[in-house]
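Colleague: can't give you the sequence, but here's the structure:
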């Protein structure tokens, strides 16, 4: 395997085409570069994606581990799988909900499908979800509520056509460098502009024509202020609203005044007027975790969609474009039975449940009635509910979930199986650790943020004690249900064909995509109901507007700002928010190496440091929330407003501080705002 192997980068959801070359001897990758033949990115690739693929940091897992006398020790695959099978079987004897499962946006479509099939059709558990709910669930829920279907209407083709690029609660310069290059190139034209809405200055802000620095947690108030101004300015496209939408009159009845909403958001009326005026252009609205990770994340995402609907920015070159974080978050939503059945079939529709049960050959009554409570609810259930065991796949909840110390404590007291490529904080408390293949070692497909499916291929063999995700899932499934998983090794192409067929006739139809077609075309965007077509801009065509809702129309919303999830007070007078760094990956597993004892770096305004001077000692302080305290290094930064502390999401200690309260519609946690204090290091 020493030639160039075409594949797809697994760092983020842009879906860059890569070429990989394995080492001449042994295991691993020698060289990674962009693939000029790939139709999505045509050779473009970010250095971070290349570095994290070719030479990731972290402690590699090279053989199965089991806990003996409190210590993880090496064992054989047969022993590890026998323990897992016995413990899972015992947990499932009392209830279908006896095993909780947490998947990931880092799995291939095929592995995610197999895991969902086992969790939902084999176990029958409602306690199954993925870390994609921690980042994308609010956007997903908003799309469903507004359009009747998940995933953005626009595609990458629309980026160069936009006149206004409004980036809201996101930092694509750090998180999605290749896509950001397209945005920056388009915004650099004389007749285009880039506006960034973010409480702090970021790498993206450096290139912006305007930066709106609102108060953390007030995005919905600001979005409503902008729409109220659009209405006042006569900027509503009444023809489109009348032809293609419902609910606009109800929304008008709930809109706040521009002045009141602007005051809540901490911005001037003049700022609101400028952003409202920008919607008169052809506008693409991009948003990310700064919107989604809130108790009002769904309502805020819907408010951004409302702005697009009201101003007729829902056709090529415009529209609401949520920025997906992980490489296969879209695919996990599409095929894994996490929030819907494959093809976005709803859980509650009898004919869809029957179709899934028939395809899997299981009793319909075994399938759970609902998607479950989300990751935070799953941890709550593990603490005091039905599940007796938990299985995590390519995810690190001990570092990545809010109120992380409680998550660690709960998982430490649960029979825990961790399937991963690297040693993580979650693996450290596991009872069984199963070593999985990683980027460059796995085969299958992924789906990027613009709905494009492409292949990932192995460019190197794996060490003899390491297995691919899909094979580990199949091996466990075969031990527990040999009718559902007839073989202990599952062919990725067969798995793809199975879930592809289940999507036929759905809004997310992949039935026209095959491995042969991907071999020929390299990348195909859904919906692709036959072997010759693929999707473009959704819901719009020359024949008019079509939405998969009960009315056939897009739906406005009426949400308004309802206050902060955890306001500051006398005891906790400061506000914490979190964000991405350019050189880090998720919880840092692939990028931090063995530097786990290095404190996270907090960005704090110099006036805040002066006000709380007694809490700072030799460049360090302790950030304290109602849940935990974390020692941090301090970086004086005027790009962070006074009274705010910014910490990176990638450090494993940060989420000990964050708030586990969730959005009631999406179950996504309120990561982006909580109340904190700073105290001297020797006083805690």
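Modeller: Looks like it arrived, so ask away. Source: prediction; values computed, not measured.
Colleague: and residue 274, what helix or strand is that in?
Modeller: helix 269-278 (DSSP states H and E).
Colleague: I'd like the mean pLDDT over that helix, please.
Modeller: When pLDDT is averaged along helix 269-278, the result is 98.
Colleague: Would you mind pulling the contact partners of the following helix or strand past it?
Modeller: Where DSSP H and E defines the elements, the next helix or strand beyond helix 269-278 is strand 283-287. Strand 283-287 has contacts (Cβ atoms under 8 Å, 6 or more residues apart in numbering) with 139, 154, 158-159, 162-170, 172, 183, 301, 304, 307-308, 311, 313, 317-323. The way it works is simple: take the backbone N, C-alpha and C, and place the C-beta from them, glycine included.
Colleague: next one: stretch 68-82
Modeller: 63-67, 427-428, 430, 432-434, 465, 467, 475-476, 479.
Colleague: Check which residues of it are buried.
Modeller: Within stretch 68-82, the residues scored as buried using 16 or more other Cβ atoms under 10 Å are 72, 75, 77, 80-81.
Colleague: mind checking how far the residue nearest to residue 393 when sequence neighbours are not counted is from residue 408?
Modeller: In space, residue 393 comes closest to residue 419 once its chain neighbours are excluded; the distance is 4.5 Å by Cβ to Cβ, 6 or more residues apart in numbering. According to Cβ to Cβ, to the nearest Å, residue 419 stands 18 Å off from residue 408.
Colleague: So which of the two has more stuff around it?
Modeller: More crowded of residue 419 and residue 408, by other Cβ atoms under 10 Å: residue 419, with 28 against 19.
Colleague: List the contacts of residue 154.
Modeller: Contact analysis of residue 154 by Cβ under 8 Å, 6+ apart lists 284, 316, 318-321, 450, 537.
Colleague: TSV please, covering the residues you listed and showing pLDDT, distance to residue 483 and secondary structure.
Modeller: Formatted as TSV, these follow (pLDDT from 0 to 100; distance: Cβ to Cβ, whole Å; DSSP: H, G, I helix; E, B strand; the rest coil):
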residue	pLDDT	distance to residue 483	secondary structure
284	98	48	strand
316	95	48	coil
318	98	50	coil
319	98	45	strand
320	98	43	strand
321	98	43	strand
450	97	38	coil
537	96	43	coil
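Colleague: related to what we said a few turns ago, contacts only, for the residue nearest to residue 393.
Modeller: Shown in contact with residue 419 (Cβ under 8 Å, 6+ apart): 391-394, 433-434, 436, 469, 472.
Colleague: Next: residue 153.
Modeller: Residue 153 makes contact with 147, 314, 319-321, 537-540 under the criterion Cβ under 8 Å, 6+ apart.
Colleague: quick one: low-confidence parts of this protein?
Modeller: Across the chain, the ranges flagged by pLDDT under 70 are 1-2, 593-596, 684.
Colleague: Which single strand of it contains the most residues?
Modeller: If you go by DSSP state E, the chain has its longest strand at strand 629-636.
Colleague: Tell me the helices and strands packed up against that one.
Modeller: Packed against strand 629-636 by the contact rule (3 or more Cβ pairs under 8 Å, 6 or more residues apart in numbering; DSSP states H and E) you find strand 601-604, helix 606-611, strand 620-624.
Colleague: Residue 436 against residue 469, yeah?
Modeller: Yes: with contact defined as Cβ atoms under 8 Å, residue 436 reaches residue 469; the gap is 5.2 Å.
Colleague: intersection of neighbour lists for these two?
Modeller: 393-394, 419.
Colleague: Go through those and flag which are in strands.
Modeller: Reading strands off the shared contacts of residue 436 and residue 469 with DSSP E, I get 393, 419.
Colleague: Contacts only, for the nearest residue to residue 511 once chain neighbours are set aside.
Modeller: Nearest non-adjacent residue to residue 511, counting by Cβ to Cβ, 6+ apart: residue 504, 3.9 Å away. With contacts defined as Cβ under 8 Å, 6+ apart, residue 504 is in contact with 343, 511, 529.
Colleague: Please identify, among those, the one with the most neighbours.
Modeller: Per-residue neighbour counts (other Cβ under 10 Å) across these peak at residue 343, which has 25 neighbours.
Colleague: any idea how far that one lies from residue 9?
Modeller: Computed as Cβ to Cβ, the residue 343 to residue 9 distance reads 26 Å.
Colleague: again, but for residue 191
Modeller: In this view, residue 191 and residue 9 are 32 Å apart by Cβ to Cβ.
Colleague: same deal with residue 290?
Modeller: From residue 290 across to residue 9, the span is 24 Å (Cβ to Cβ).
Colleague: before we move on, what about residue 576?
Modeller: From residue 576 to residue 9 the distance is 31 Å (Cβ to Cβ).
Colleague: Which of the two has more residues huddled nearby?
Modeller: A count of neighbours by other Cβ under 10 Å puts residue 9 above the other of residue 576 and residue 9, at 31 against 28.
Colleague: contacting residues for the more buried one?
Modeller: Contacts of residue 9 by Cβ under 8 Å, 6+ apart are 15-18, 45, 49-50, 53, 327, 439.
Colleague: got the contact list for the residue of the chain positioned farthest from its centre?
Modeller: The outermost residue of the chain relative to its centre, with distances by Cα atoms, centre = their mean, is residue 614 at 38.6 Å. Taking Cβ under 8 Å, 6+ apart as the criterion, residue 614 is in contact with residue 680.
Colleague: now swap in residue 212 and tell me
Modeller: 195-198, 222, 267, 271, 275.
Colleague: Those into TSV, with extra columns for distance to residue 89 and secondary structure?
Modeller: Below are the contacts of residue 212 laid out as TSV (distance: Cβ to Cβ, whole Å; DSSP: H, G, I helix; E, B strand; the rest coil):
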residue	distance to residue 89	secondary structure
195	56	strand
196	52	strand
197	51	strand
198	49	coil
222	52	helix
267	57	coil
271	60	helix
275	57	helix
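Colleague: Most neighbours among these, please name it.
Modeller: Tallying neighbours with other Cβ under 10 Å puts residue 197 at the head of the contacts of residue 212, with 29 neighbours.
Colleague: can you tell me how far residue 61 sits from residue 463?
Modeller: 10 Å.
Colleague: Counting neighbours, go ahead and name the busier of the two.
Modeller: Using other Cβ under 10 Å as the criterion, residue 61 and residue 463 rank with residue 61 on top: 23 against 16.
Colleague: what residues are up against the more buried one?
Modeller: Counting by Cβ under 8 Å, 6+ apart, residue 61 makes contact with 420-423, 427, 433, 435-436, 466.
Colleague: if you set the cut-off to 7 Å instead, what comes out?
Modeller: For residue 61, the contact set (Cβ atoms under 7 Å, 6 or more residues apart in numbering) comprises 420-423, 433, 435.
Colleague: Quick check: phi and psi at residue 341.
Modeller: Torsion angles at residue 341 (phi, psi; degrees, to the nearest 10) stand at phi -70, psi 160.
Colleague: Please tell me how far it sits from residue 351.
Modeller: Residue 341 is 11 Å from residue 351, by Cβ to Cβ.
Colleague: who's more crowded, the two?
Modeller: The neighbour comparison of residue 341 against residue 351 (other Cβ under 10 Å) goes to residue 341, with 27 against 8.
Colleague: so who does the nearest residue to residue 203 once chain neighbours are set aside touch?
Modeller: Leaving aside its sequence neighbours, residue 203 sits nearest to residue 173 (Cβ to Cβ, 6+ apart; 3.8 Å). Going by Cβ under 7 Å, 6+ apart, residue 173 touches 180, 203-204.
Colleague: try 8 Å
Modeller: 180, 184, 202-204, 206-207, 582.
Colleague: quick one: the strands in the stretch 551-684 of the chain?
Modeller: For the stretch 551-684 of the chain, the strands defined by DSSP state E, counting those that start in this stretch occupy 554-555, 574-579, 601-604, 620-624, 629-636, 644-648, 674-679.
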